[in-house]
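**Q** Quick check, what structure comes out for this input:
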Amino acid sequence: MSFDWDDLRFFLSVARAGRLTVAARAMGTDHATVSRRVKSLETQLGAQLFERSPRGYALSEHGERLLAKAEQIENVAARVQDELSGTLYALSGTVRIGAPDAFGAFFLAPRLADFIKANPELEAQLVATPRLFSLSKREADIAITLSRPEKGRLVSRKLTEYTLHFYASPDYLARNSAINRKEDLLKHPLVGYIPELIYTPELDYLSVMLGDHTPRLSSTNLFAHKQVAEAGRGIAVLPDFLARHSTKLVPILPDEIEIRRTFWLVTHEDLHEIARVRAAMRFIAEEVSKSRAEFLPRITALSD
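**A** Numbering: from 1, shown residues only. All right, here's what the predicted structure looks like:
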């Protein structure tokens with residue numbers, strides 16, 4: 001039995017989006033075309049690939065089995081295209097980088113402008129948001145993660161460790177009760193991540209430092225934490241490479257409370273030899289290496 005290989009692209013788009021309209025928008029077509037191509041593939045294969053419901057499209061057992069094979073075909077096709085078009089070893093095309101919000105927006109974004117200027121045929125796309133990126137699904141070519149991946153055909157290297165501290169505005173500290181020890185923090189309004197939406201345990205700072213504590217104000221965005229602290233409305237855990245440049249923030253008990261995490265640089269095995277991906281990874285690693293003091297500064301109390 002044969003089938004139209006191109007229908008796999010529509011299958012993958014629906015499998016990843018979960019809805020026809022979202023898949024159609026991603027593919028630059030209409031939802032009727034996507035639906036027709038998926039139904040055609042199901043007919044040709046003689047198998048139901050999705051469970052349809054008002055909530056969207058969920059993969060069936062057959063769909064789950066096909067997904068892994070379709071992604072392998074997608075990766076091979078992308079590599080063939082790169083090799084035959086001469087871009088495998090050329091600095092041209094697009095490289096998409098997924099990164100946590102502070103690292104991506106504050107540290108990497110301004111430096112990527114220099115990378116693009118030095119490589120005029122390259123286009124860089126930066127997705128700076130706190131989430132996991134599926135490299136096998138080509139959601140990104142490169143990802144900066146907070147933990148080293150333990151499974152999958154991925155290539156990773158350690159970028160750097162970095163430190164975080166509790167921060168507040170001087171005005172807030174002057175107006176409220178003194179913080180002389182870690183336990184005193186529980187008497188103050190803390191801002192943190194929404195517990196059930198924390199995408200990696202490395203971000204669960206408050207539970208690690210203060211036990212089973214749920215902040216009354218929470219957000220998935222680190223810049224929201226920073227804004228609350230700068231406005232004098234609460235205390236936040238912030239990476240030093242971000243907070244130490246703010247004139248509106250001071251560290252709290254830096255000699256007693258310090259959190260240390262690690263950034264990892266990750267790409268898919270199939271992309272590792274592509275020149276634009278290797279060049280971008282090398283650039284990111286070099287920029288981080290040059291800025292090591294930004295990620296591991298010596299933070300002292302205000303009185304020091």
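**Q** The strand ranked longest in the chain pairs with which strands?
**A** If you go by DSSP state E, the chain has its longest strand at strand 154-168. Strand 154-168 has these partner strands in its sheet, going by DSSP bridges: strand 235-239 (antiparallel), strand 250-252 (antiparallel), strand 259-268 (antiparallel).
**Q** so how far is it off the chain centroid?
**A** Counting by CA atoms, centre = their mean, to the nearest Å, strand 154-168 is centred 13 Å from the centre of its parent chain.
**Q** Could you do stretch 48-68 as well?
**A** Going by CA atoms, centre = their mean, where stretch 48-68 is centred and where its chain is centred differ by 26 Å.
**Q** what is the rounded mean pLDDT of the longest strand of the chain?
**A** In this model, strand 154-168 has an average pLDDT of 96.
**Q** on that earlier part again, right, and the strands paired with strand 154-168 - which one's nearest residue 178?
**A** Of all these, strand 250-252 sits nearest to residue 178, with 10.6 Å by CB to CB. No exception for glycine: its C-beta is placed from N, CA and C like everyone else's.
**Q** Do you have the helices of this protein handy? List them.
**A** With DSSP state H, the ranges of helices along the chain come out as 7-17, 20-27, 31-45, 61-85, 101, 109-118, 170-175, 205-210, 222-230, 240-243, 275-290, 292-295.
**Q** can I get those helices in JSON lines with distance to residue 257?
**A** JSON lines is the format used below for these (distance: least, CB to CB, whole Å):
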{"stretch": "helix 7-17", "distance to residue 257": "41"}
{"stretch": "helix 20-27", "distance to residue 257": "43"}
{"stretch": "helix 31-45", "distance to residue 257": "51"}
{"stretch": "helix 61-85", "distance to residue 257": "43"}
{"stretch": "helix 101", "distance to residue 257": "23"}
{"stretch": "helix 109-118", "distance to residue 257": "29"}
{"stretch": "helix 170-175", "distance to residue 257": "15"}
{"stretch": "helix 205-210", "distance to residue 257": "7"}
{"stretch": "helix 222-230", "distance to residue 257": "15"}
{"stretch": "helix 240-243", "distance to residue 257": "12"}
{"stretch": "helix 275-290", "distance to residue 257": "25"}
{"stretch": "helix 292-295", "distance to residue 257": "18"}
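**Q** and those, which one's lowest on average pLDDT?
**A** Note on the helices of the chain: helix 61-85 shows the lowest mean pLDDT, a mean of 80.
**Q** That one: which residues count as buried?
**A** Neighbour-count burial for helix 61-85 flags 63, 66-67, 70-71, 74-75, 82 (criterion: 16 or more other CB atoms under 10 Å).
**Q** Equivalent analysis for stretch 211-220, please.
**A** Across stretch 211-220, burial judged by 16+ other CB under 10 Å covers 215, 218-220.
**Q** and which of those is nearest to residue 5?
**A** Set against residue 5, the nearest of the buried residues of stretch 211-220 by CB to CB is residue 220 (38.4 Å).
**Q** Contact partners for residue 20?
**A** Counting by CB atoms under 8 Å, 6 or more residues apart in numbering, residue 20 touches 14, 31, 34-35, 57.
**Q** In JSON lines, list the buried residues of stretch 211-220 along with pLDDT and distance to residue 92.
**A** Shown next, in JSON lines, are those (pLDDT from 0 to 100; distance: CB to CB, whole Å):
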{"residue": "215", "pLDDT": "88", "distance to residue 92": "46"}
{"residue": "218", "pLDDT": "94", "distance to residue 92": "43"}
{"residue": "219", "pLDDT": "95", "distance to residue 92": "39"}
{"residue": "220", "pLDDT": "93", "distance to residue 92": "35"}
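**Q** Please consider this matter closed, and thank you.
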